[in-house]
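A.B. asks: Here is a sequence with its predicted model. Questions after.
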Amino acid sequence: MAMNPFKPTAGKMPPVLVGRESAIEQFAEALDNGAGAPGRIMLVIGQRGFGKTVLLTEFRRIASERKWETISETASPGVAQRLIEALDSHNLRIDQASLNPSVNIAGIAGASLGSIAISSSASPLNLRNAIAKRLESSKIGKGKGILITIDETQAASLDDLVAIATAVQHVITSIDETNVPDNEKKGIAIVFAGLPSIVNDLINDDVITFLRRAVQCKLDNVPLLDVKNAFLESVVDSGKTISDDNAWKAAQASDGYPYMVQLVGYYMWQSAQRRHSSEITLDDVDAGIADARIAFDDAVCAPALDGLKSAELEFLQAMAVDVPDVTVVSDIEARTGHSRSWVNKYRAALIKDQVVRAAGHGKLAFAVPHLGEYLKKQL
């Protein structure tokens, strides 16, 4: 039975990583170019649904293909400790032990271990040692290393991030100081992924300033021509057909938003499959777009608004009035009754977090597809 090639489930590897070729190539080159290559410390930044988790999965596949060890973590309290445990499952230290004399049944004196105190600390120094110890293992060959990927970085505590960054920085320095050719040095690569707000949390903290040298991979919307070609390729590979015009309409409906690309592709393909047809028709595309928008609202639009400040939400509601047209910034000032400085403040914040984008001089548009329509319905 034919299988739907589109994978809109979060983190599921799609058949084509459309629009992400540059990031993938840069990461692969960093592993191949030896210790010190800049792409070995990377920040993957993007809104929900931009394919951050998928990209991390691809990075781990690339590293495994090159005989690197990989560790995958999702940021939450205790992530530094979990990394220690993943690096060395036997990372338990005996703090103290006492020998107490005892007498066995036969009355012959002997000795038994009276007590043991075991601890495992999550301090930066211990994480550093865990990484170094793992790199010394014979299982990691010359020129190979360990890749650590951390998803949803915005959810991590600053203490954990400082611990991880400090440990990685010390390990990189120790590797640089060894008298071994760069192509033979064992290395460490780390990729953080998260929402745009992580840039402030990570880079602007004085304790982890070394992350300012990290390569920033900012995920943007995929060019529509690339999306159309991806639709054509994926549909044909799955055993079905779609016309160039229908593929273009599906691409336009996706707005180049990676998650929406997968949703539209999935539902239009499934519509044809239910009819037992090998051709995706215009009706299938229309049905796929309608189903995709419902799923997108629940999975992306609603969560995108949950973390916003009340003032930011007020700003967006003032913009939603103009959907599907762009908004003139001065109209937001008139509709909200706030000052120009208030409008400029939240305009800058929302642009930085990739919720809205500039759409010409003095104009704004929603950067998240269908977010404006979603807000307009709420209003």
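C.D. replies: Done, it's in.
A.B. asks: pLDDT at the closest residue to residue 2 other than its chain neighbours, what is it?
C.D. replies: Distance criterion C-beta to C-beta, 6 or more residues apart in numbering; nearest residue to residue 2, sequence neighbours excluded, is residue 239 at 5.0 Å. All C-beta atoms are positioned from the backbone trio N, CA, C, and that covers glycine. pLDDT recorded at residue 239 is 93.
A.B. asks: what does the one 3 residues further on give?
C.D. replies: Residue 242 is assigned a pLDDT of 97 by the prediction.
A.B. asks: That one touches residue 233, doesn't it?
C.D. replies: No: Residue 242 lies out of contact with residue 233 (C-beta atoms under 8 Å); the separation is 10.4 Å.
A.B. asks: For these two, work out which one has more neighbours and name it.
C.D. replies: When neighbours are counted by other C-beta atoms under 10 Å, residue 242 and residue 233 differ, and residue 242 comes out ahead with 26 against 15.
A.B. asks: Torsion angles phi and psi at that one?
C.D. replies: phi -150, psi 140 (degrees, to the nearest 10).
A.B. asks: For it, give the beta-bridge partners.
C.D. replies: residue 280 (DSSP bridges).
A.B. asks: Can you give me the distance of it to residue 274?
C.D. replies: 16 Å (C-beta to C-beta, to the nearest Å).
A.B. asks: Could you do residue 350 as well?
C.D. replies: 40 Å.
A.B. asks: out of those two, which sits in the busier spot?
C.D. replies: Neighbours were counted for residue 350 and for residue 274 using other C-beta under 10 Å; residue 350 has more, 20 against 10.
A.B. asks: where does this structure dip in pLDDT?
C.D. replies: 1, 10-16, 89-125, 199-210 (pLDDT under 70).
A.B. asks: helices or strands next to the lengthiest helix in it in the packing?
C.D. replies: The longest helix of the chain (DSSP state H) is helix 158-176. Packing contacts for helix 158-176, counted by 3 or more C-beta pairs under 8 Å, 6 or more residues apart in numbering; DSSP states H and E, involve helix 79-87, helix 124-135, strand 145-151, strand 187-194, helix 198-203.
A.B. asks: So the residue nearest to residue 2 sits against residue 3, correct?
C.D. replies: No: at 9.1 Å, residue 239 does not count as touching residue 3 under the criterion of C-beta under 8 Å.
A.B. asks: contacting residues around the closest residue to residue 134 other than its chain neighbours?
C.D. replies: Computed as C-beta to C-beta, 6+ apart, the closest residue to residue 134 that is not its neighbour in sequence is residue 87, at 4.8 Å. If a contact means C-beta atoms under 8 Å, 6 or more residues apart in numbering, then residue 87 has 71, 127, 130, 131, 133, 134, 146 as its contacts.
A.B. asks: Is it possible to get CSV of those residues that adds distance to residue 228?
C.D. replies: Shown next, in CSV, are those (distance: C-beta to C-beta, whole Å):
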residue, distance to residue 228
71, 37
127, 46
130, 47
131, 44
133, 50
134, 45
146, 39
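A.B. asks: which one of these sits closest to residue 160?
C.D. replies: Among these, residue 127 lies closest to residue 160 (C-beta to C-beta), at 9.8 Å.
A.B. asks: So the closest one sits against residue 86, correct?
C.D. replies: No: under the criterion of C-beta under 8 Å, residue 127 makes no contact with residue 86, lying 10.7 Å away.
A.B. asks: which one of the two has more residues nearby?
C.D. replies: residue 127 (25 against 17).
A.B. asks: State the distance from the more buried one to residue 137.
C.D. replies: In terms of C-beta to C-beta, residue 127 sits 16 Å off from residue 137.
A.B. asks: try residue 185
C.D. replies: Residue 185 is 15 Å from residue 137, by C-beta to C-beta.
A.B. asks: Comparing those two, which shows the higher neighbour count?
C.D. replies: A count of neighbours by other C-beta under 10 Å puts residue 185 above the other of residue 185 and residue 137, at 19 against 13.
A.B. asks: who touches the more buried one in this structure?
C.D. replies: 34, 35, 143, 175, 178.
A.B. asks: check which helix or strand covers residue 277.
C.D. replies: Secondary structure from DSSP states H and E places residue 277 outside every helix and strand.
A.B. asks: for it, phi and psi?
C.D. replies: Torsion angles, degrees, to the nearest 10, at residue 277: phi -110, psi 150.
A.B. asks: give the contact list for it.
C.D. replies: 240, 284.
A.B. asks: measure it to residue 253 for me?
C.D. replies: 20 Å.
A.B. asks: Next: residue 342.
C.D. replies: 35 Å.
A.B. asks: between those two, which one's more packed in?
C.D. replies: residue 253 (24 against 16).
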